[in-house]
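> no sequence on this one, just coordinates:
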C-alpha cells in the first residue's frame, strides 16, 4: 500500500505515544475521533443506543490494543474504523444480518459515479442491486461512498493494499452496473 499519500499529523503521533505511556492520556484521541466512529457505526446499525454501545466497545478495544499499535504512516482514524468494523461484524454474526442504509443523496452520488442518470427507474434499479450485494462487496461501497474514505484508508480498514481497494471497488461498481442492466 502506498502510504505516502496519507500523512499522519505530528501532534497525533505525539498523542498516541503519550497514550501508550499513560492510558489516561487517551482522552484527546477519544474526543477527536468519537463522533467519526459513532457516525461510522450508527450508519450501519441505525439505532442510537446500539451505535453508542458498539462505539464504546470500539474505544475500549482500541485502548487495550494501543500498546501494540504501530504507526505505519496511515491515519489513526482508519485503525479505529477497522476495530469498529470488527465490532460490527461480531454484532452481525450474532444476529446473522447485513444492512446497507443509504440516503437518497448517497445513492445519487453512487449513481453518478457509475454513470447512471438520476431518473427514478434507474435509482430503483440501483437500490435493488445494492440490496443484493454480498456483504463483503457492500462494505466496499459503504466505506467509499457513505464514509468517504480514500482508497488508502479503505485499504487500512480492510487490511488490503490501496490498489486492491481501488480495484475491488471498481469491480463492485461494474457488478452493480451489470445487475442494473439485467434487471427487467
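Nice, I can see it. Given the structure is predicted, the values throughout are model-derived calculations rather than measurements.

> buried sites along stretch 45-59?
For stretch 45-59, burial by neighbour count (16 or more other Cβ atoms under 10 Å) applies to 45, 51, 54, 55, 57, 58, 59. From N, CA and C alone the C-beta is placed, and that goes for glycine too.

> Of those, just say which sits nearest to residue 92.
Taking Cβ to Cβ as the measure, residue 92 lies nearest residue 45 of these, at 9.0 Å.

> Show me the two of the buried residues of stretch 45-59 that sit farthest apart.
Pairwise distances across the buried residues of stretch 45-59 (Cβ to Cβ) peak at 16.1 Å, for the pair 45 and 59.

> I'd like the distance between residue 22 and residue 64.
Separation of residue 22 from residue 64 (Cβ to Cβ, to the nearest Å) stands at 14 Å.

> domain ranges for this protein?
Per automatic domain parsing, the structural domains of the chain span 7-95, 104-182.

> Need those domains in JSON lines (columns: mean pLDDT).
Formatted as JSON lines, the domains of the chain follow (pLDDT from 0 to 100):
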{"stretch": "domain 7-95", "mean pLDDT": "87"}
{"stretch": "domain 104-182", "mean pLDDT": "80"}
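
> Can you list the buried residues in stretch 161-168?
Buried residues in stretch 161-168, counted by 16+ other Cβ under 10 Å: 162, 165, 166, 168.

> ok, which pair from those residues is furthest apart?
Using Cβ to Cβ, the pair of the buried residues of stretch 161-168 lying farthest apart is 162 and 168, separated by 10.9 Å.

> Check the protein and tell me which residue is nearest its centre.
In the chain, the residue lying closest to the centroid (Cα atoms, centre = their mean) is residue 143, at 3.7 Å.

> right, and the secondary structure at residue 59 would be what?
Residue 59 falls in the helix class when you classify it by DSSP: H, G, I helix; E, B strand; the rest coil.

> Next: residue 70.
Using three-state DSSP, the structure places residue 70 in coil.

> Ramachandran angles for it?
Per-residue torsions, residue 70: phi -120, psi 130 (degrees, to the nearest 10).

> Give me the number of neighbouring residues for it.
Residues within reach of residue 70, counting by other Cβ atoms under 10 Å, total 6.

> Next, the buried residues of stretch 144-155.
144, 145, 146, 147, 149, 150, 151, 152, 153, 154, 155.

> Let me have these in TSV, adding secondary structure as columns.
Putting those into TSV (three-state DSSP) gives the following:
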residue	secondary structure
144	helix
145	helix
146	helix
147	coil
149	coil
150	coil
151	helix
152	helix
153	helix
154	helix
155	helix
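
> Pick out whichever of those residues sits closest to residue 73.
Lowest distance from residue 73 to the buried residues of stretch 144-155 (Cβ to Cβ) belongs to residue 152, with 9.6 Å.

> Pick out whichever of the buried residues of stretch 144-155 sits closest to residue 179.
residue 145 (16.2 Å).

> The closest one and residue 130, how far apart?
10 Å.
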